[in-house]
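K.L.:
below are the sequence and a predicted model for it; my questions follow.
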Amino acid sequence: MKEYFSSNEARFIVAHGDITLKDYVSSANILKKINEQIEGVKSRYRYSQDDFIKVIHIVDMDGVYIPDRDIVEADVEEIQYYEDHIEAKGANITAERNKRKGDILYKLRKTGKINGIPYRVYFNSCNLEHVLYGELKDYSDEEKQILSDDFADRYDGKVGEFIEFILSPDIAVQGTHQKTWDYIEKDMNSLKRHTNMHLIFG
């Protein structure tokens, strides 16, 4: 992204943990919480409001829109994702999590600006690793680091090849931003290997 947007300055905020899953975040306060992140960047880099061109927010879907009946009670430590169901220690708790995150994502996808700055949210399903590496599994932090380093090396200086990859019909959901979100909300699609990140480069 830094290479693609080289005529401007791209800053990345890594939100350790998914902001849409935080206990203190709801559809009522999500815009305020994201604005707090923006204000943090302003302060850190001494930016003014006019320095911002847009905010690009990338989220994992985590199977959030699947029917509750496809959340299976199981003896597992962490939630396990499959392309046709989720296994969780507390199926009801996971269903409630999905409802809350779904409401938050709906609010975000309908939001065009945050505090006057153009804003757009994009998704990876079921998560970033699923889209980039084609395998749906619970990667450790160490595995994620190794894979991300390898991925960065593969596309270093090859932004065109990366865009070609992210545009692949195997993963790219076709249509407008709204249409891609309409698609990912249906059936089991939020567990399938899909992304609309290609729209960032359109």
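P.N.:
Nice, I can see it.
K.L.:
from here on, just use CA atoms for contacts and neighbour counts.
P.N.:
Noted.
K.L.:
which of the three states applies to the residue nearest in space to the middle of the chain?
P.N.:
By CA atoms, centre = their mean, the mean C-alpha position of the chain lies nearest to residue 59, the distance being 1.4 Å. Secondary structure, DSSP: H, G, I helix; E, B strand; the rest coil: residue 59 is strand.
K.L.:
look up how far residue 91 lies from it.
P.N.:
22 Å (CA to CA, to the nearest Å).
K.L.:
wait, residue 86 sits on residue 68?
P.N.:
No: shown here, residue 86 and residue 68 do not form a contact pair, counting by CA atoms under 8 Å, at 9.5 Å.
K.L.:
more neighbours, the two?
P.N.:
residue 86 (23 against 17; other CA atoms under 10 Å).
K.L.:
output the helix-or-strand element of the chain with minimal mean pLDDT as CSV, nothing but the C-alphas.
P.N.:
Least confident helix or strand of the chain, by mean pLDDT, DSSP states H and E, is helix 141-155 with a mean of 89. What follows is helix 141-155, C-alpha atoms only, in CSV (Å, rounded to 0.1, in the frame of the first residue of the first chain):
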residue,chain,number,x,y,z
ASP,A,141,1.7,-15.2,16.4
GLU,A,142,5.1,-16.7,15.4
GLU,A,143,3.6,-18.4,12.3
LYS,A,144,1.8,-15.2,11.3
GLN,A,145,5.1,-13.3,11.5
ILE,A,146,6.9,-15.8,9.4
LEU,A,147,4.2,-15.9,6.8
SER,A,148,3.8,-12.2,6.6
ASP,A,149,7.6,-11.7,6.2
ASP,A,150,7.5,-14.3,3.3
PHE,A,151,4.5,-12.6,1.8
ALA,A,152,6.2,-9.2,2.0
ASP,A,153,9.4,-10.5,0.4
ARG,A,154,7.4,-12.1,-2.4
TYR,A,155,5.7,-8.8,-3.4
